[in-house]
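In: Take this sequence and fold it.
(one chain, ligands or ions: 1)
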Amino acid sequence: ANAALFQSQKMEALGKLTGGIAHDFNNLLGVISSGIDMLQLQPRSGDSRTLDSMRRAVERGAELTQHLLAFARQQPLQSKKCDLNELIAGFESVLRRAGNSSIRFEIKLQENLPPSLIDATRFQTTLLNLVINARDAMPKGGNITIATSGVLLKEQEIGTLPAGHYTKIMVNDTGCGMTSDVMARVFEPFFTTKEIGKGTGLGLSQVYGFITQSGGEIVVASTLDQGTQFAMYLPIVDGKAIAHDEHEEQLEKVLI
Ligand code: ADP
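Out: Numbering: from 1, shown residues only. As a prediction, this is how the structure comes out:
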């Protein structure tokens, strides 16, 4: 079912290609072609400025095609048994660097989480995507909190996830938040509210695809002018058959 959903998302993405990306691409080609016209008409005047804008347009075009290629490729996941806390801690300095001096970072990891089967690199890219969005939502600064906890979900409590043990990873910010209209569309491919050149609208749709392909679920909650929370639920290895009473006890304590 997840694969089918992902496939339909890809089709939808391809359908929107003509409207969104092709439009941007045409604008960039326009910049380049009028630059060429100018250079042909007056080969000497203002060459370097014209060439600079042409170079920027080409670079931006190349960036767009990179994003599109990455999106179309969707390499198969290389999932391994991982400690999500370790993946977060090992990536902390990169995540911090994505912020800026007016952003405070807090990382709260619940100890002794059971492992999950996950593609480590894609998991870290996912965190980076969420942190960059959080940063962009806080131009005047604020707090980003990343937290992990073990949760025991009942049947269909979160989306269509089966009952069992999961690790919940939260990424919270105290930024601008979003309207319910925006919230309804955030996981849609090519949906962006950022200005041209700043956003592709592919970040969260890739995050969504990755999390659901990994057997998990991502949910968003947001209050305008207060902030946004993304909560990801990832199944733990053998989530239904944990024998250790300790783990059981610990997970029950944080039951949401
Ligand atoms: P992009 O970042 O390129 O716009 P995304 O798919 O990552 O693409 O995000 C889509 C849109 O969702 C953003 O343009 C923004 O409007 C909204 N959004 C995502 N994360 C946040 C956040 N933390 N706070 C407020 N709005 C957000």
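
In: Those residues of this protein touching the ligand, which are they?
Out: 129, 133-134, 137, 173, 175-176, 178, 182, 186, 191-194, 199-201, 203-205, 228 (C-beta under 6 Å from any ligand atom). C-beta: built from backbone N, CA, C; applies to glycine.

In: Quick check: PyMOL command selecting the buried ones in the residues you listed.
Out: Provided next is the PyMOL selection string for whichever of the residues of the chain next to the ligand are buried by 16 or more other C-beta atoms under 10 Å:
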select buried, resi 129+133+134+137+173+175+176+178+186+191+192+199+200+201+203+204+205+228
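
In: Residue 171 is in contact with residue 131, correct?
Out: Yes - here residue 131 reaches residue 171: they are 6.8 Å apart, a contact under C-beta atoms under 8 Å.

In: Find residues that contact each of these two.
Out: Counting by C-beta atoms under 8 Å, 6 or more residues apart in numbering, the contacts common to residue 131 and residue 171 are 144, 146.

In: now the helices: where do they sit in the protein?
Out: 2-17, 21-41, 47-73, 84-89, 92-98, 120-136, 180-185, 203-213, 245-253 (DSSP state H).

In: Centre of the chain to the third one, how far?
Out: Taking C-alpha atoms, centre = their mean, to the nearest Å, the mean C-alpha location of helix 47-73 is offset from the chain mean by 22 Å.

In: Counting by contacts, list what that helix packs against.
Out: Using 3 or more C-beta pairs under 8 Å, 6 or more residues apart in numbering; DSSP states H and E, the elements in contact with helix 47-73 are helix 2-17, helix 21-41, helix 203-213.

In: could you redo the last one with a cut-off of 7 Å?
Out: On a contact count with 3 or more C-beta pairs under 7 Å, 6 or more residues apart in numbering; DSSP states H and E, helix 47-73 meets helix 21-41.

In: which other residues reach the helix it packs on?
Out: Defining contact as C-beta atoms under 7 Å, 6 or more residues apart in numbering, one finds that helix 21-41 is touched by 47, 50, 53-54, 57-58, 60-61, 64, 68, 190, 196.

In: residues of that helix that come out buried?
Out: 21, 24-25, 28, 31-32, 35, 38-39.

In: Check stretch 117-134 too.
Out: 117-120, 122-131, 133-134.

In: can you check stretch 49-65 too?
Out: 50, 54, 57, 60-61, 64.

In: Could you dump the residues you listed into JSON lines with pLDDT added?
Out: Below are the buried residues of stretch 49-65 laid out as JSON lines (pLDDT from 0 to 100):
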{"residue": "50", "pLDDT": "82"}
{"residue": "54", "pLDDT": "84"}
{"residue": "57", "pLDDT": "84"}
{"residue": "60", "pLDDT": "82"}
{"residue": "61", "pLDDT": "81"}
{"residue": "64", "pLDDT": "76"}
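
In: mind giving me TSV with these and columns for distance to residue 87?
Out: As requested, the buried residues of stretch 49-65 are arranged in TSV below (distance: C-beta to C-beta, whole Å):
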residue	distance to residue 87
50	46
54	41
57	37
60	32
61	34
64	29
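
In: Give the single residue among those positioned nearest to the ligand.
Out: Distance to the ligand across those (C-beta to the nearest ligand atom) is lowest for residue 64, with 11.5 Å.
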